[in-house]
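>>> could you look at this predicted model? Sequence included:
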Amino acid sequence: MRAIEIHEFGGPEVLKAVTTGTPDPGPGEVTVDVAYAGVNFADLKARAEGYRVGTLPFVPGLEVSGRIRAVGADVVDLRPGQEVAALTSSGAYAEVVAVAATTVFPLPEGVDLRTAATLPTVLPTAHALLHEVGRLRSGESVLVHGAAGGIGTAVGQLARAAGAGAVYGVVSSAAKAGYARAYGYDEVFVGDSFTDGVHRATGGRGVDLALDPVGGDTFRGSLDSLAVFGRLVSYGNASGAEPWRVGQAELFPQGRTVAGFSILSLAGSAPEALRALAERSFRTVTDGIVELPVTAEFPLSEAAEAHALMGGRTSTGKLLLKVVP
């Protein structure tokens, strides 16, 4: 089968097209003939610095849509030929991938394979950030970093549907600001001065909930942007900074809280919770609450071009690799 492998860490050029063996499903697994694979920032971190990479060579990719090729022992309720979306630990940049059956989701009615590839990471993460972890209440204000990206686009729509009083975004360019405003944002701040923007927009009050995938100085700025009793949810460290540390001095005076979320960690530690979360979040697409725009699509052989686009910080929405013609 065709696949994209990493044999060394580096820039997009280290992504190499190869021909390799086709996997068979082990106990509790299924194999999927991949139609589309999602491109995520975690894939770029794997390629560049070995994030979640055990050994080389390594096939990146965390989510696919396609049809079940075969099922392993002890797998129930899934069958060959069934159209599914799946969250993978790796291996999505390939024609066939082996996946734990617990993270394989039959497609909701009316969802095609192209749209399905946008679902496994983005929607459960966006839903959890706002609801299960962020505990958003009607009328509250939200600050979202990466507002023009896949997760940010979904969060803006979900927050608006949940009755948020105000939804603020942060992006890296003016062009992205215009894009984000179409997906539920009241105001979008450009660059590192977002803290000043938040205090201006809220009359000095701050926001009730901030969602941060960046870490480092952005994490600190997000904490400073919180209102009394505000909550901050960290769900990544795109900056590569030292892991955040917050103590009593930052939290006690105004009753602030900090929480974290990782969909990959949840998949490993609580797969049943992930399945329930996925079902809740996928319904927002079938119910017409959320639209997940695909803004660029590349053939599998052009995975390096997809990484270059995302790494250049000019992309918006969701990027996909089309695997099966």
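Arrived safely. Residues are numbered from 1 along each chain as shown.

>>> domain-wise, how is the protein divided?
The chain breaks down into these domains under automatic domain parsing: 2-119+292-322, 129-264.

>>> and of the ones you listed, who's closest to residue 284?
Closest to residue 284 of these, according to C-beta to C-beta: domain 129-264, at 6.5 Å. (C-beta placed from N, C-alpha, C; glycine too.)

>>> tell me the mean pLDDT for that closest one?
Averaging pLDDT along domain 129-264 gives 94.

>>> just how off-centre is that domain within its chain?
How far domain 129-264 lies from its chain's middle: 15 Å, per C-alpha atoms, centre = their mean, to the nearest Å.

>>> closest to residue 275 out of the domains of the chain?
Short answer: domain 2-119+292-322, nearest of the domains of the chain by C-beta to C-beta, at 6.8 Å.

>>> distance across that closest one, terminal residue to terminal residue?
Length of domain 2-119+292-322, first residue to last, C-alpha to C-alpha, to the nearest Å: 12 Å.

>>> can you check stretch 313-321 too?
Stretch 313-321 stretches 18 Å from its first residue to its last (C-alpha to C-alpha).

>>> run through the strands of the stretch 101-250 of the chain in chain order.
For the stretch 101-250 of the chain, applying DSSP state E, counting those that start in this stretch gives strands covering 104-106, 141-145, 166-171, 187-190, 207-212, 226-234.

>>> reformat those strands as JSON lines; add distance to residue 4 and mean neighbour count.
Shown next, in JSON lines, are the strands of the stretch 101-250 of the chain (distance: least, C-beta to C-beta, whole Å; neighbours: other C-beta atoms under 10 Å):
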{"stretch": "strand 104-106", "distance to residue 4": "21", "mean neighbour count": "20"}
{"stretch": "strand 141-145", "distance to residue 4": "28", "mean neighbour count": "28"}
{"stretch": "strand 166-171", "distance to residue 4": "29", "mean neighbour count": "27"}
{"stretch": "strand 187-190", "distance to residue 4": "33", "mean neighbour count": "20"}
{"stretch": "strand 207-212", "distance to residue 4": "30", "mean neighbour count": "28"}
{"stretch": "strand 226-234", "distance to residue 4": "30", "mean neighbour count": "21"}
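
>>> any chance of those in TSV, plus distance to residue 41?
Putting the strands of the stretch 101-250 of the chain into TSV (distance: least, C-beta to C-beta, whole Å) gives the following:
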stretch	distance to residue 41
strand 104-106	22
strand 141-145	12
strand 166-171	14
strand 187-190	19
strand 207-212	13
strand 226-234	15
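
>>> which of those strands sits closest to residue 85?
strand 104-106 (5.1 Å).

>>> what's the closest one in contact with?
Strand 104-106 is contacted from outside by 30, 32, 68, 78, 82-86, 119-120, 275, 278-279, 282, using C-beta atoms under 8 Å, 6 or more residues apart in numbering.

>>> please apply the same query to stretch 81-90.
So stretch 81-90 is contacted by 30, 32, 46, 52-53, 58-68, 78, 97, 99-100, 103-107, 113, 116-117, 119-121, 263-264, 267-268, 274 (C-beta under 8 Å, 6+ apart).

>>> what does the pLDDT read for the residue nearest in space to the middle of the chain?
The centre of the chain sits closest to residue 122, judged by C-alpha atoms, centre = their mean, with a distance of 3.9 Å. Looking at residue 122, its pLDDT reads 94.

>>> skip the chain neighbours and tell me the closest residue to it.
Using C-beta to C-beta, 6 or more residues apart in numbering and skipping residues adjacent in sequence, the residue nearest residue 122 is residue 150, 4.6 Å away.

>>> count the neighbours of that neighbour for me.
Residues within reach of residue 150, counting by other C-beta atoms under 10 Å, total 27.

>>> that one against residue 118, yeah?
Yes: assessed by C-beta atoms under 8 Å, residue 150 is found in contact with residue 118 at 6.8 Å.
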